[in-house]
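> what shape does this take:
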Amino acid sequence: MALAVAMRPRHWLKNVLVFAAPLAAGLLLEPDVLVPSLVAFVAFCLISSATYLVNDLRDAESDRAHPTKRNRPSAAGDLPSAVAVVAAIVLAAAAFGLAAAINVGLLLVLLTYAVFTLAYTLVLKHEPVFELLLLAMGFLLRAIAGGVASELPISRWFLIVAGFGSLFMAAGKRYSELKRASRDHSAGEPAVPMRRSLAGYTTGYLRFVWAISAAVAITAYCLWAFEVGDASSTAPWAAWSVLPFVAGLLRYAIDVDKGEAEAPEEVVLHDPALILTGAAWLVLFGLGAMGV
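Residues are numbered from 1 along each chain as shown. A predicted model of the protein is given here:
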């Protein structure tokens, strides 16, 4: 049970990004595309859990001083270090094996993700800007993986939307953490240990980063949606998908602005309006991509 908790299955929600490129191509439901995409999803679940285990082992000492992170299995002593190390190795080996069984491209994407994540965990997690970019790269590589696994061409607009959308989420996460720390300090509440990289940021700087990232993502998405809409279709579905896309981004920005977006997956799972908006976007964009 401790190992299962340490693998953070709730965070696997982030890995649905691997289906983005196949969906954009309108080929997600084709067996020769769906199967590699599902394998890529499973591989990312395994490798991300492996890196979470390594991260928790490295931060176990500092996590014990945190009011919530001290409950993580490694910090609480519920998961022996040896078990965590062996599990991380097995999970990583399984992830690389699955990726290699699909194609070399997916294996390279997975290896890149592992290298970037380990660089973040072991060296750069306390370096402002660099840790922010590595955090965003984690989301971007997930988005790229689906197209690589299925050997589909990836639109340049898709890459821009995925890249700046990822930076938006990363900056929003850090903004929320910094705002929460400032709010606790102002309220005179006991200080919660703050990640060292936050000392290099201000709320104004992070607001600038996530606002610019959102603006670029929206602009690129509009261009991408019209490009997808060029395909023969009974209605401009892809163009209409701009509305729920922008609405979803603005809805998520409310949580960022409140300082409540420290865990993106929690924001999505606990906001019914955001789920409905995402579903509307999925239907409209999917219809446009498939040329219905």
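> can you tell me the closest non-neighbouring residue to the spatially most central residue of the chain?
Of all residues in the chain, the one closest to the mean position by C-alpha atoms, centre = their mean is Phe139, 3.8 Å from it. Excluding the flanking residues, the one nearest Phe139 by C-beta to C-beta, 6 or more residues apart in numbering is Ser166, at 3.5 Å. C-beta here means a position set from N, CA and C on the backbone, and glycine is covered the same way.
> quickly find the element holding that neighbour.
helix 156-186 (DSSP states H and E).
> and that helix, what's buried?
By neighbour count with 16 or more other C-beta atoms under 10 Å, helix 156-186 contains the buried residues 157-181.
> and what of stretch 30-44?
Val33, Pro36, Ser37, Val39, Ala40, Phe41, Val42, Ala43, Phe44.
> just those: which are in helices?
Val33, Pro36, Ser37, Val39, Ala40, Phe41, Val42, Ala43, Phe44 (DSSP state H).
> which ones are touching the third one?
Meaning Ser37. Val18, Phe19, Pro22, Leu28, Gly146, Ala149, Ser150 (C-beta atoms under 8 Å, 6 or more residues apart in numbering).
> want to throw those residues into TSV with secondary structure, distance to Ala50 and neighbour count?
Compiled in TSV, the contacts of Ser37 are given as follows (DSSP: H, G, I helix; E, B strand; the rest coil; distance: C-beta to C-beta, whole Å; neighbours: other C-beta atoms under 10 Å):
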residue	secondary structure	distance to Ala50	neighbour count
Val18	helix	17	30
Phe19	helix	21	22
Pro22	helix	25	23
Leu28	coil	27	20
Gly146	helix	20	31
Ala149	helix	19	29
Ser150	coil	24	27
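> what is the nearest of those to Glu262?
Checking those against Glu262 by C-beta to C-beta gives Val18 as the nearest, at 23.6 Å.
> isn't that closest one right up against Arg142?
Yes. Checked against C-beta atoms under 8 Å, the pair Val18 and Arg142 is within contact range at 5.5 Å.
> identify the contacts common to the two.
What both Val18 and Arg142 touch, as defined by C-beta under 8 Å, 6+ apart, is the set Phe44.
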